[in-house]
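Novice: the sequence and its predicted three-dimensional model are supplied below.
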Amino acid sequence: MAAGGLGFAVQPIHAADNNNEILYAESLARVTDADGVVHAAGSFMPHLDSRFDLDPRILAMLLPALAADPKLILGWNLSAANLAASDRFADIFGRITRHSELARRLVVEVTEPHPLVGSAIERLKMIRALGCRIAIDDFGVGFATPASLLQVSVDIVKIDASFVRDIRPGRDGQDSLSHMVGFASCIAPVVVVEGVETETQLEAVRRAGATHVQGFLLSRPAALPLFREKEGRSGLRGIG
């Protein structure tokens, strides 16, 4: 990272009923080592010093990319811990404020290794007031509760991949994924199911009523220039 190996890949979020239509692309941290091998976040995040804050470093890369391409819409992961930490939030909020003209093309995906409570909720409202769209990532396995989510307007809910990998029938005739999608639809107008890897899973997502899908079946993470070459239209229709 010190040698400039930190970067990001992007993975599109597709409309469930028209896979050629792209809502936006999530940014995923990557590190390229001295041998040119690219490592995903899961392989290096556990080894990072706690003082090395990845969120603002990736944000610093996304903002110039958005400025260079007015059609580009990117998702950026922000931890609830950084929302709760005053100094870290001040840095992040300042960066977005200085580029407020880009805010409407930045989707802030809140990750949930820590509870989304108190000051974190208020600061999330501040970010949304700048024009950013707010997404709750990995819904169903994190710390977000219905009570906390009702305190802030959320634009997108992303249901964790575990719910499409293990779909269980319910006694009411609906399955577990349908119940999750139905609940998420009460919170946000856009519901994304993550981790879709098979046609069977895609059909299950459509039956459940999700608006969008993300996963290897439709798109694998790729470098930003490769993403730009792909066909498809990006646009945050139906959000906010």
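Specialist: Right, received. Where do you want to start?

Novice: contacts and neighbour counts: CA atoms only from here.
Specialist: Noted.

Novice: name the element the spatially most central residue of the chain belongs to?
Specialist: The chain has Glu109 as the residue nearest its centroid, 4.0 Å off, counting by CA atoms, centre = their mean. Using DSSP states H and E, Glu109 falls within strand 106-111.

Novice: who does that strand touch, helix- and strand-wise?
Specialist: strand 74-79, strand 133-139 (3 or more CA pairs under 8 Å, 6 or more residues apart in numbering; DSSP states H and E).

Novice: and the first one, what other elements does it pack with?
Specialist: Under the contact criterion of 3+ CA pairs under 8 Å, 6+ apart, the helices and strands touching strand 74-79 comprise strand 21-32, helix 54-68, strand 106-111.

Novice: tell me how many other residues surround Leu130.
Specialist: Neighbour count for Leu130, taken as other CA atoms under 10 Å: 17.

Novice: typed the wrong thing, it's Arg171
Specialist: Arg171 has 7 nearby residues by other CA under 10 Å.

Novice: residue numbering should commence at 722 henceforth.
Specialist: Noted, 722 is the first residue going forward, which turns the last one into Arg892.

Novice: so which strand or helix has it?
Specialist: Using DSSP H and E, Arg892 falls outside every helix and strand.

Novice: who's in contact with the strand holding Glu830?
Specialist: With contact meaning CA atoms under 8 Å, 6 or more residues apart in numbering, strand 827-832 is reached by 794-801, 853-859, 863.

Novice: good, wrapping up.
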